[in-house]
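Asks: This is a predicted model, with the sequence first.
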Number of protein chains: 2
Amino acid sequence: MQKLMKARVHITLKNGVLDPQGKAIENALGGLGFDGISEVRQGKYIEIVLENVSPAAAQASVESMCEKLLANTVIENYEIDLEA
Amino acid sequence: MQKLMKARVHITLKNGVLDPQGKAIENALGGLGFDGISEVRQGKYIEIVLENVSPAAAQASVESMCEKLLANTVIENYEIDLEA
């Protein structure tokens, strides 16, 4: 039996790091007439489907992927949610 | 009193739409020695902080933002989670 596990990874800029992309969205929304917007921050969202792994192994593996490739840990945080 | 509400928006490609960015991540992870990866899909994650709105008004407003600016609804789905 093949066991699939989905990891949902959010990568966001750390607090205090400037987010020009979010600022651009905020300005564009203001230009479209949306008001009452206090802040916009843009991040990345990655779904990874893993085969034949235990939850613990999946967590460790995806953490390692974030550290090595997906996130720039100098300026970004990552958050991993696993679902079977 | 100022009431802040945070909307967490996920924008993902619809099923069946090619995701070259996800494919590139998948290949790069494979090259780094991670195996057992079945699929990678990349999406966008946007946090919008709204001021002085009711939950219903916030939901309607963020839906309208997605339709008008944030998502390309021809090829993308969006999902909104509100938290007070």
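Replies: Arrived safely. Numbering: from 1, shown residues only, chains lettered A, B, ... in the order given.
Asks: Helix or strand: which one has the residue minimising distance to the centre of chain A?
Replies: Central residue of chain A (C-alpha atoms, centre = their mean): residue A:10, 1.7 Å from the mean position. In the assignment (DSSP states H and E), residue A:10 maps to strand A:4-13.
Asks: Run the chain-centre distance for that strand.
Replies: Strand A:4-13 sits 6 Å away from the centroid of its parent chain (C-alpha atoms, centre = their mean, to the nearest Å).
Asks: which is the next helix or strand following that strand?
Replies: Following strand A:4-13 in sequence, per DSSP H and E, is helix A:20-31.
Asks: ok, the residue nearest to the centre of chain A touching residue A:43?
Replies: Yes. Here residue A:10 reaches residue A:43: they are 6.0 Å apart, a contact under C-beta atoms under 8 Å. From N, CA and C alone the C-beta is placed, and that goes for glycine too.
Asks: what do these two both touch?
Replies: Taking C-beta atoms under 8 Å, 6 or more residues apart in numbering or on different chains as the contact rule, residue A:10 and residue A:43 both touch residue B:45.
Asks: Chain neighbours aside, what residue packs nearest to residue A:10?
Replies: residue A:79 (4.5 Å; C-beta to C-beta, 6 or more residues apart in numbering or on different chains).
Asks: Can you pull the residues of chain A lying near chain B?
Replies: A:4, A:10-12, A:22, A:25, A:28-29, A:32, A:34, A:36-53, A:61, A:64-65, A:68-70 (C-beta under 8 Å from any C-beta of the partner chain).
Asks: Give me the buried entries from these.
Replies: A:10-12, A:22, A:25, A:29, A:34, A:37, A:40-48, A:50, A:53, A:61, A:65, A:70 (16 or more other C-beta atoms under 10 Å in any protein chain shown).
Asks: Can you flag which of those residues belong to strands?
Replies: Within these, membership in strands is found for A:10-12, A:37, A:40-48, A:50, as judged by DSSP state E.
Asks: on that earlier part again, pLDDT score for the residue nearest to the centre of chain A?
Replies: Residue A:10 carries a pLDDT value of 97.
Asks: Might you report the residue contacts of it?
Replies: Residue A:10 neighbours (C-beta under 8 Å, 6+ apart): A:43, A:44, A:45, A:78, A:79, A:81, B:45.
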